[in-house]
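Trainee: Predicted model and sequence follow; I will ask about them next.
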Amino acid sequence: MSPLDLLMAAPLGFMAAALMLGPSGRWLILLAAPLMAGLALWLALLPPDAAYLVGQWDLPLGILLRADGVARLMILATALVIGAVGLHALAEPPEKPGHAAQAETFWPLVYLMWAGANAGFLTTDLFNLYVTLEMVSLAAVALAAMGSLAAALRYFMIALLGSLAYLLGVALTVARYDTVDVILLAQVAEADLATLLALGLMTAGLLIKAALFPMHGWLPPAHAAAPAPASALLSAIAVKLGFVILVRLWFEAFAAVTGPAALHVLGGLGAAAVIYGSIQAMRQDRLKPLVAYSTVAQVGYLFLAFPLVAGTVEPSGAWAGMTLHGVAHMLAKAAMFLAAGLMLKAVAGDRIADLGGLAQAMPLTVTAFGLAAVSLMGLPPSGGFTAKFLLLSAAIEQGAFLYAGVLVIGGLLAAVYLFRALSACFAPLAGAGPDTASRGPVTGGVQAVAPLALAGLAIVMGFAGTALVDVSAIEAPWATPTVIQPEAAP
């Protein structure tokens with residue numbers, strides 16, 4: 001069995017084991033975290049042309065698993081995020097008072113999301129990508145329901161609409177081309193009405209999944225209301241799968257169909273998301289909604305990069321910037337949600353104004369929040385800085401000064417709302433009410449180390465920029481596209 005198979009099969013095995021073990025299933029994360037991290041690292045070190053046909057059936061009957069640069073980086077980041085979140089949840093069970101069963105059901109959902117995300121990052125089959133979307137969406141809705149049933153139902157209805165739109169687009173594609181493999185579609189796709197309609201439907205469905213403005217309405221309520229470990233997974237992983245599939249569609253399967261105008265539509269929506277999400281984050285007086293709206297803004301950078309990637313013949317800089325931003329955001333946002341959860345528990349509230357004194361009471365947690373903020377703002381030497389610098393350089397090189405301006409303004413706005421939260425932590429504690437004694441109930445241990453480790457990785461990414469850029473270019477569509485011929489007819 002190849003590592004590509006194991007990356008999908010192992011989480012499903014852990015999910016089944018967690019269901020059978022019940023409350024004891026939480027301890028499986030102690031085995032799953034190092035095992036999956038090892039597999040992800042093994043994947044990252046495989047030869048550049050690593051690919052595997054499931055069942056050894058040739059295309060178009062077979063299903064291709066391909067370890068391109070995007071898959072390698074996303075799967076490694078997913079393993080790091082879920083491993084850290086899992087260890088955090090082991091010490092800080094994600095349950096509401098009176099709902100002890102939530103901590104037990106959390107673990108099978110984590111493994112389901114893990115398997116779906118890994119499969120989605122690896123496969124090139126559009127129908128199987130639909131299956132992975134549903135796996136991740138099912139887990140995400142259930143995780144969101146741990147905090148608010150109303151927010152989860154809203155998420156479910158909107159996600160269902162996105163799934164139906166995507167599936168209808170897949171059906172039109174297979175009716176038109178008799179294949180749903182991304183690599184084969186890249187060789188035969190034409191800009192006719194059926195193809196454009198299929199691409200439009202799939203894009204609309206995936207934009208809902210990725211929570212791009214103005215289809216982001218489900219995200220802030222669901223992420224803000226869920227327990228901190230669930231919020232970390234939703235923000236770091238759930239929205240990334242839709243983005244990665246869109247990259248497969250627009251830059252591989254239908255690269256010959258998409259035009260500059262359509263790419264600029266996505267780029268414009270991304271730019272609008274950066275500004276809108278940042279302004280909404282600035283308006284929040286509660287910490288978790290602020291962090292949730294920050295996700296809306298950060299997702300915008302991923303799509304702002306689309307016209308920049310298509311703007312040159314070999315867009316290594318823009319492509320790497322887009323990919324690295326996705327990875328840096330996964331690490332930093334998971335760290336920020338975990339840290340925010342500990343901070344809010346310490347103050348027994350959710351308002352930013354209540355955070356006074358936490359810098360002294362919970363230095364590790366506040367440090368984790370601050371390091372994550374550095375990456376999200378795009379300050380050196382973080383991974384967020386490397387990603388935004390690459391995108392900014394590409395925008396200036398192409399004369400796309402509007403996008404360049406949004407990149408700069410977005411960073412400044414992020415500094416405004418994130419520094420507001422940080423400054424509240426360093427402010428002196430106002431008064432000496434009954435909750436003063438509860439400040440900083442968790443000052444060390446895995447609860448504080450997990451977000452600090454993730455935030456530290458987001459910073460360390462900045463020192464590995466050249467290596468990560470090289471990895472992102474592996475089997476990139478603009479560099480060395482894989483060409484696998486379908487099985488010859490008898």
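Mentor: Great, that's in hand.

Trainee: Can you spell out the domain ranges of the chain, please?
Mentor: Listed by automatic domain parsing, the domain ranges of the chain are 1-258, 259-428+438-480.

Trainee: can you give me the strands in the stretch 1-150 of the chain?
Mentor: 51-54, 63-66 (DSSP state E, counting those that start in this stretch).

Trainee: Out of the ones you listed, which one sits most buried?
Mentor: Ranked by mean neighbour count, the strands of the stretch 1-150 of the chain are led by strand 63-66 with a mean of 23 (mean count of other Cβ atoms under 10 Å). (Each C-beta comes from the backbone N, C-alpha and C, glycine too.)

Trainee: contacts for that one?
Mentor: With contact meaning Cβ atoms under 8 Å, 6 or more residues apart in numbering, strand 63-66 is reached by 2, 4-5, 50-55, 57, 122-125, 128, 181, 183, 475, 482, 484.

Trainee: surely residue 336 meets residue 373?
Mentor: Yes: contact criterion Cβ atoms under 8 Å: residue 336 and residue 373 qualify, at 7.1 Å.

Trainee: Which one of the two is surrounded by more residues?
Mentor: For residue 336 versus residue 373, the count of surrounding residues by other Cβ atoms under 10 Å is larger for residue 336: 35 against 27.

Trainee: How about that one, nearest residue that isn't a chain neighbour?
Mentor: The shortest distance from residue 336 to any non-neighbouring residue, by Cβ to Cβ, 6 or more residues apart in numbering, is to residue 372 (4.2 Å).

Trainee: Quick one: residues contacting the one you found.
Mentor: 331-333, 335-336, 339, 451, 454-455, 458.

Trainee: Next: residue 340.
Mentor: Contacts of residue 340 by Cβ under 8 Å, 6+ apart are 228, 287-288, 291, 369.

Trainee: could I get the strands of the stretch 1-150 of the chain as TSV with mean pLDDT and distance to residue 10?
Mentor: Formatted as TSV, the strands of the stretch 1-150 of the chain follow (pLDDT from 0 to 100; distance: least, Cβ to Cβ, whole Å):
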stretch	mean pLDDT	distance to residue 10
strand 51-54	80	15
strand 63-66	86	14
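
Trainee: Distance to residue 306 for these - can I get that in JSON lines?
Mentor: Formatted as JSON lines, the strands of the stretch 1-150 of the chain follow (distance: least, Cβ to Cβ, whole Å):
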{"stretch": "strand 51-54", "distance to residue 306": "25"}
{"stretch": "strand 63-66", "distance to residue 306": "21"}
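
Trainee: Let's test this: mean pLDDT of stretch 282-289, rounded?
Mentor: Stretch 282-289 shows a mean pLDDT of 94.

Trainee: Now do that stretch: everything it contacts.
Mentor: By Cβ under 8 Å, 6+ apart, the surrounding residues in contact with stretch 282-289 are 220, 223-225, 231, 290, 293, 337, 340-341, 343-344, 350-353, 355, 413, 416-417, 420-421.

Trainee: Where helices are concerned, which of those residues count?
Mentor: 220, 223-225, 231, 290, 293, 337, 340-341, 343-344, 413, 416-417, 420-421 (DSSP state H).

Trainee: Check what pLDDT residue 346 gets.
Mentor: 89.

Trainee: So residue 454 versus residue 103, what's the distance?
Mentor: 21 Å (Cβ to Cβ, to the nearest Å).

Trainee: ok so, going back, list buried residues within the contacts of stretch 282-289.
Mentor: Buried members of the contacts of stretch 282-289, counted by 16 or more other Cβ atoms under 10 Å: 220, 223-225, 231, 290, 293, 337, 340-341, 343-344, 350, 352, 355, 413, 417, 421.

Trainee: quick revisit: out of the contacts of residue 372, grab the one that's most surrounded.
Mentor: That'd be residue 336 among the contacts of residue 372, by other Cβ under 10 Å, with 35 neighbours.

Trainee: quick one, helices of the stretch 101-250 of the chain?
Mentor: Here the stretch 101-250 of the chain has its helices, by DSSP state H, counting those that start in this stretch, at 101-122, 126-145, 149-177, 182-188, 193-210, 219-225, 228-233, 239-248.

Trainee: List the contacts of the shortest one.
Mentor: By that I understand helix 228-233. Against helix 228-233 from outside (Cβ under 8 Å, 6+ apart): 81-82, 85-86, 88-89, 92, 94, 106, 110, 113, 140, 143-144, 146-147, 223-224, 288, 291-292, 333-335, 337-338, 340-342, 344.

Trainee: returning to what we had before: in the helix or strand that the residue nearest to residue 336 is a member of, what's buried?
Mentor: Taking DSSP states H and E as the definition, one finds residue 372 inside helix 363-377. Residues 364-377 are the ones in helix 363-377 that count as buried (16+ other Cβ under 10 Å).

Trainee: And the nearest residue to residue 158 once chain neighbours are set aside, how close does it get to residue 154?
Mentor: Leaving aside its chain neighbours, residue 158 sits nearest to residue 218 (4.5 Å; criterion: Cβ to Cβ, 6+ apart). Residue 218 is 6 Å from residue 154, where distance means Cβ to Cβ.

Trainee: Run a quick check on residue 159 versus residue 208, I expect a contact.
Mentor: Yes: between residue 159 and residue 208 there is a contact at 6.9 Å, judged by Cβ under 8 Å.

Trainee: Between those two, which has more neighbouring residues?
Mentor: Counted by other Cβ under 10 Å, residue 159 and residue 208 do not tie: residue 159 has more neighbours, with 25 against 22.

Trainee: I'd like to know how far that one sits from residue 242.
Mentor: 10 Å.

Trainee: what's near enough to touch residue 306?
Mentor: Counting by Cβ under 8 Å, 6+ apart, residue 306 makes contact with 250, 263, 266-267, 270, 322.

Trainee: Take these and lay them out in CSV including secondary structure.
Mentor: CSV is the format used below for the contacts of residue 306 (DSSP: H, G, I helix; E, B strand; the rest coil):
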residue, secondary structure
250, helix
263, helix
266, helix
267, helix
270, helix
322, helix
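
Trainee: could these be laid out in a markdown table, adding distance to residue 187 and neighbour count?
Mentor: Shown next, in a markdown table, are the contacts of residue 306 (distance: Cβ to Cβ, whole Å; neighbours: other Cβ atoms under 10 Å):
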| residue | distance to residue 187 | neighbour count |
| --- | --- | --- |
| 250 | 16 | 23 |
| 263 | 21 | 19 |
| 266 | 24 | 22 |
| 267 | 27 | 26 |
| 270 | 29 | 23 |
| 322 | 24 | 27 |
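
Trainee: Wait, residue 136 touches residue 236, no?
Mentor: No: using Cβ under 8 Å, residue 136 is not in contact with residue 236, being 11.8 Å away.

Trainee: Okay, now the sheet partners of the worst-scoring helix or strand of the chain on mean pLDDT, with direction.
Mentor: Least confident helix or strand, the chain: strand 51-54 with a mean of 80, by mean pLDDT, DSSP states H and E. The strands beside strand 51-54 in its sheet (DSSP bridges) come out as strand 63-66 (antiparallel).

Trainee: Pull the strand it pairs with out as PDB, backbone CA atoms only.
Mentor: The C-alpha trace of strand 63-66 is given here as PDB (Å, rounded to 0.1, in the frame of the first residue of the first chain):
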ATOM      1  CA  ILE A  63      -8.800   7.100 -10.000                       C
ATOM      2  CA  LEU A  64      -5.500   9.000  -9.900                       C
ATOM      3  CA  LEU A  65      -3.900  10.100  -6.600                       C
ATOM      4  CA  ARG A  66      -1.200  12.600  -7.300                       C
END
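
Trainee: Done for today, thanks.
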